[in-house]
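*Asks:* coordinates only, sequence not included:
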């Protein structure tokens, strides 16, 4: 993994984290426990602060960034950021699934227990309701997250990534 200090900031993280060999973590990044950053993912805190909670997985090819002097990025607990997603200058609350290839832009707020469907674009300043599924370009609310979906997707994926990371830690990779 590439860990790089910039502008006097060095990334910090908690215990039991997994970082793939070619994951990149730069600058003003603080993340909690049991996080994982997967292959070719970039978490770039060079222009603004990135704050990431516990049990967050940032999957292959995802980019977490911010906007200089305008919009930092905050990610809560138990969040899954899907493959090739972009999370930029926004706030993601707890228990959220950001689908593969989706984009969440500056000043968006994604409230807890929500899903951003794969391939969606959440445009600047959008507020995603708690317990909702947003999809499309631009992303709009399509329905509520029912309890089975909450358990079957949001929680399952977050828990699976804790398991997957353990495989790599056991192998010494």
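*Replies:* Looks like it came in fine. Bear in mind the structure is a predicted one, so any value in this text is a computation, not a measurement.
*Asks:* List the buried residues of the longest helix seen in the chain.
*Replies:* When the chain is parsed with DSSP state H, its longest helix is helix 156-170. Within helix 156-170, the residues scored as buried using 16 or more other CB atoms under 10 Å are 157, 158, 161, 162, 165. Heads up, the C-betas are built off the backbone N, CA and C, glycines and all.
*Asks:* For the second one, list the residues it contacts.
*Replies:* Yep, that's residue 158 we're talking about. 55, 57, 78, 79, 80, 95 (CB atoms under 8 Å, 6 or more residues apart in numbering).
*Asks:* how close does the residue lying closest to residue 110 once chain neighbours are set aside get to residue 139?
*Replies:* The shortest distance from residue 110 to any non-neighbouring residue, by CB to CB, 6 or more residues apart in numbering, is to residue 128 (4.3 Å). To residue 139, residue 128 is 8 Å away according to CB to CB, to the nearest Å.
*Asks:* Common neighbours of these two, please.
*Replies:* 116, 122.
*Asks:* quick one: least confident helix or strand in this protein?
*Replies:* helix 147-149 (a mean of 86; mean pLDDT, DSSP states H and E).
*Asks:* which parts of that helix are buried?
*Replies:* residue 149.
*Asks:* swap in stretch 71-91?
*Replies:* 71-91.
*Asks:* For the residue sitting nearest the centre point of the chain, list each beta-bridge partner.
*Replies:* Centre of the chain computed as the mean C-alpha position; nearest residue by CA atoms, centre = their mean is residue 81, 3.9 Å away. Under DSSP bridges, the beta-bridge partners of residue 81 are residue 58, residue 98.
*Asks:* pLDDT score assigned to it?
*Replies:* We have a pLDDT of 98 for residue 81.
*Asks:* Could you double-check that it lies in contact with residue 61?
*Replies:* No - counting by CB atoms under 8 Å, residue 81 does not reach residue 61; the two are 10.2 Å apart.
*Asks:* tell me the average confidence for the strand ranked longest in the chain?
*Replies:* Assignment by DSSP state E gives strand 42-52 as the longest strand of the chain. Averaging pLDDT along strand 42-52 yields 98.
*Asks:* Report the distance from the longest helix of the chain to the chain centre.
*Replies:* With CA atoms, centre = their mean, to the nearest Å as the basis, helix 156-170 stands 15 Å off its chain's centre.
*Asks:* for stretch 164-173, same thing?
*Replies:* 20 Å.
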